[in-house]
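> Build me a model:
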Amino acid sequence: MIKELWTKYKSLIMYAVFGGLTTVVNMVSYYLSYNVLHIPNVPSTIIAWVLAVLFAFITNKLWVFDSPSFDKQTLLHEIPTFFGARLATGILDVVIMYLAVDVAHMNPTVWKLISNVLVIIINYVASKLIIFRKK
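You can find the predicted model right below:
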């Protein structure tokens, strides 16, 4: 029964694990940039996004969606679609952070977490249905 559940929900479970780790990369990068290095909010958000996306591509490709191939044709599909989807959700993240922190003066840590949850959900759907779909 456990094996059956694992087989059925493996990508979702692994995405939750690596999505959580990606969120940690994003949150720690943002915190260090914004609070320690005193880089403004939007550049800190962008730095955090870049580091998180690089981490997410490798982990999603290899362990979440079992796409171990690095052949040219596979990469020509996966890289632009992955980074394009992440760029779209990265822009969403920047807009949310700008509106919540710079315009509404709300708690940046709370809103970074809220933004990350929304971004993770959208990214999973894009990865599952478009980027790393099984042929």
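
> which residue packs closest to residue 62, ignoring adjacent ones?
Distance criterion Cβ to Cβ, 6 or more residues apart in numbering; nearest residue to residue 62, sequence neighbours excluded, is residue 68 at 6.1 Å. To be clear about C-beta, it is placed using only N, CA and C from the backbone, and glycine gets the same treatment.

> and the gap between the one you found and residue 125?
22 Å (Cβ to Cβ, to the nearest Å).

> what about residue 97, how many neighbours?
Neighbour count of residue 97, defined by other Cβ atoms under 10 Å: 26.

> thinking it is in contact with residue 43, fair?
No - contact criterion Cβ atoms under 8 Å: residue 97 and residue 43 do not qualify, at 10.9 Å.

> Checking residue 68 next. Helix, strand or coil?
Classification of residue 68 using DSSP: H, G, I helix; E, B strand; the rest coil returns coil.

> if I look at it, how far off is residue 12?
As judged by Cβ to Cβ, residue 68 and residue 12 stand 19 Å apart.
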